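# Predicted model and sequence below, questions to follow.
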Protein chains: 2
Amino acid sequence: MANAFGQLTYPEISAQAEALAAAHAQLNVQRDWVDRYIGNSAYDEVIFIGSGSSYYQAQTMAATFKKWVGRPASAHPSSEIYLFRDAAAVPGRNYLLVGVSRSGESTEVILALESVKGVPGWTTCGITCHEDSKMAQMTQCLISPLGKEKSTVMTKSLSSMTFMMQAASAVASGKPELQAEAGKVVEADAAVVKAADPFAKTFVRERELNKFIYLGMGSYYGLSQEACLKIKEMSYVWTESFGTLEFRHGPKSIVEPGTLVCLLLSETARSYELKVAEEMKAYGATVLVVTAAKGDDTAFADAVFEVGGAELSDEARGVLYLPVLQYIGFYTALKNNVDPDHPRNLTQVVKI
Amino acid sequence: MANAFGQLTYPEISAQAEALAAAHAQLNVQRDWVDRYIGNSAYDEVIFIGSGSSYYQAQTMAATFKKWVGRPASAHPSSEIYLFRDAAAVPGRNYLLVGVSRSGESTEVILALESVKGVPGWTTCGITCHEDSKMAQMTQCLISPLGKEKSTVMTKSLSSMTFMMQAASAVASGKPELQAEAGKVVEADAAVVKAADPFAKTFVRERELNKFIYLGMGSYYGLSQEACLKIKEMSYVWTESFGTLEFRHGPKSIVEPGTLVCLLLSETARSYELKVAEEMKAYGATVLVVTAAKGDDTAFADAVFEVGGAELSDEARGVLYLPVLQYIGFYTALKNNVDPDHPRNLTQVVKI
């Protein structure tokens, strides 16, 4: 019954502003976690790990941490840490391994955390939405209190954990202006979510698209991968994600009429990124730009979704890009008569 | 005229064993490069950069370097270094930035190398196939003498540069057994190339496939991305690549009959990876395994291509996986009546 589709996913996307606010409040309660872990300069490198969506948010967390805190960080799939640790990390360094998992039960993050137990130089911690989970019991975790979800696909859980780790990085940086940015994101999110819903609904309804390409750089690269996975899981459409300038090096050969190119536009590289999108427009692509603010430079695009926050850093603003990307996945699923709550072949927690 | 298609690409794929041998000989001439750059422990981290195929080989180079040399390394798109350096690297460390570019003329690698000129703590070097190129003139480069190509798509250039940097890492490691592995790869390559051609031709002819998924872990992740880009550039088909175990976290929802799952199988994680491929087989996928050696554990697969070299490390063996992946891209293009020499929208060197 098509009108029962998405009963789990839709309210979860729509409730993300509350989840961000709760995560922000909870961070105040867990300030000792920041001091002990990511705020502690005894670690030579912070490694964020996860699987699927959680790996993509780990990439955004690592990029933000490096930029804001100024210490080494990286992101890896959990499976690389327990099966190929020597290709990800090297002997003789102090590593802080941060597990990222909505459920805290994903076999791979547990195996990865267990694999470094007792290994000299390795310390673990994590972030999850489930305070009683296996991961939260084995290592100290930040908790996103309203991130729990019933849908298989991650939406508000991801938005709130990404935000919470960024807010924790702001604290670790010791820079009051970055901590203030976290507060501004919480304030702005509800209005962005509200505007994103009808925008996405109309955008999807009015267009016939057969490929969905998401582009982003810096901390937005992880978000572009997440946007791609969202629509892939929910709709099974042909979708890919790339670093914005990377897309010109080969992958753009697939662009033709009917291809959506969705650019998660940074202010840092705005002119470079828009030039790529404009080139794709010339090949016949439909271009959607998600940005802080429209300008004459975005006039060529077929559609622009503004999130505001031009005064924020690119890193902080990124969380405001998520609602419209999640709604586009959701409405594309409905349009294709697929239930976004129950993706083919998938389960909520992956066990191996 | 369909029978003129691929006149440039085919002989280049087929000549890669000679390109490897020439790179191996050239490395002996350039041993001072190894001592001065990647063999020099004064650098806190080695960052390999490139665009498109060169970024993917940079990932394989970084994974190999970490495993073999035991010092920190990472890979980034060139564009991330000149536009988002603070999200890739941090202040106060000594970085060796290694540019990877077939032509040595790619605007982005040049901009990235120029962007760190005079920045405290940054040193540059590179690897290319063109000894008179802009990059080779601005910084000291390893040269793959027979890597030069006329086709837009990279094949033997990539195989020979990946091999050459691995052989250089073997020298930097000071481990004679790894240096011996490089010699064994050169010896084995011609026979692998020869066997890969008819295997790929038959494999493509006998099957109707509409999606091409490439999976690999550790140093094979970069190769899986390259295999994916190869067939994408040449054939415009729906193709994606993932870390093998990552594929189960969402992306597998696209698997259905007509989907190829091509596993670049490691010996390190053999049983874990085959379990993923077997699951995809159950969803209706056609499974191709590229491996050192068949076994009872690969009997479920629709096809297996053996490269031999079970006694080699996974890292060294990887270069032997490339010919069959390149030929599959090539024959898929011909089957779809597309000229692999002249990909849509693309040029040999990307200028911005």
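Here it is on my side, so go on.

# Kindly state the domain boundaries assigned to chain A.
Following automatic domain parsing, chain A resolves into domains at A:2-174, A:189-335.

# Distance to residue B:159, mean pLDDT and mean neighbour count added to those, as TSV?
C-betas here are computed from N, CA, C, even on glycine. TSV is the format used below for the domains of chain A (distance: least, C-beta to C-beta, whole Å; pLDDT from 0 to 100; neighbours: other C-beta atoms under 10 Å in any protein chain shown):
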stretch	distance to residue B:159	mean pLDDT	mean neighbour count
domain A:2-174	20	97	22
domain A:189-335	16	97	22
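
# Could you export the host helix or strand of residue A:158 as CSV, CA atoms only?
Using DSSP states H and E, residue A:158 sits in helix A:156-173. Output of helix A:156-173 as CSV, limited to C-alpha atoms (Å, rounded to 0.1, in the frame of the first residue of the first chain):
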residue,chain,number,x,y,z
LYS,A,156,18.5,12.1,12.2
SER,A,157,20.9,9.7,13.9
LEU,A,158,23.6,10.7,11.4
SER,A,159,22.8,14.4,11.5
SER,A,160,22.9,14.4,15.3
MET,A,161,26.0,12.4,15.7
THR,A,162,27.9,14.3,13.0
PHE,A,163,26.8,17.6,14.8
MET,A,164,27.7,16.3,18.2
MET,A,165,31.2,15.3,17.2
GLN,A,166,31.7,18.6,15.5
ALA,A,167,30.5,20.4,18.6
ALA,A,168,32.9,18.2,20.7
SER,A,169,35.7,19.2,18.3
ALA,A,170,34.8,22.9,18.8
VAL,A,171,35.2,22.4,22.5
ALA,A,172,38.5,20.5,22.0
SER,A,173,39.8,23.4,19.8
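
# wait, does it make contact with chain B?
No - against chain B, helix A:156-173 shows no contacts by C-beta under 8 Å from any C-beta of the partner chain, the least distance being 11.6 Å.

# That helix: how far from the chain's middle?
11 Å (C-alpha atoms, centre = their mean, to the nearest Å).

# contacting residues around residue A:258?
A:208, A:209, A:210, A:211, A:284, A:286 (C-beta atoms under 8 Å, 6 or more residues apart in numbering or on different chains).

# repeat that for 10 Å
By C-beta atoms under 10 Å, 6 or more residues apart in numbering or on different chains, the contact set of residue A:258 is A:207, A:208, A:209, A:210, A:211, A:284, A:285, A:286.

# Same question for residue A:85.
A:47, A:76, A:95, A:97, A:112, A:115, A:116, A:119, A:122, B:66, B:67, B:218.

# Let's see that with 6 Å instead.
By C-beta atoms under 6 Å, 6 or more residues apart in numbering or on different chains, no residues touch residue A:85.

# That one and residue B:217: what is the separation?
12 Å (C-beta to C-beta, to the nearest Å).

# Could you find the closest non-adjacent residue to the closest residue to chain B within the stretch 101-250 of chain A?
Relative to chain B, the nearest point of the stretch 101-250 of chain A is residue A:249 (2.8 Å; C-beta to the nearest C-beta). Counting by C-beta to C-beta, 6 or more residues apart in numbering or on different chains, residue B:52 is the residue found nearest to residue A:249 once chain neighbours are left out, at 2.8 Å.

# again, but for residue A:344
In space, residue A:344 is closest to residue B:253, 4.9 Å off (C-beta to C-beta, 6+ apart).

# Tabulate the domains of chain A in a markdown table, adding columns for distance to residue B:190.
Below are these laid out as a markdown table (distance: least, C-beta to C-beta, whole Å):
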| stretch | distance to residue B:190 |
| --- | --- |
| domain A:2-174 | 28 |
| domain A:189-335 | 27 |
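
# if I look at residue A:36, how far off is chain B?
As judged by C-beta to the nearest C-beta, to the nearest Å, residue A:36 and chain B stand 21 Å apart.

# Look up how far residue A:42 lies from that residue.
Separation of residue A:36 from residue A:42 (C-beta to C-beta): 10 Å.

# try residue A:312
For residue A:312 relative to residue A:42 (C-beta to C-beta), the value is 30 Å.

# repeat for residue A:166
22 Å.

# Same question for residue A:52.
31 Å.
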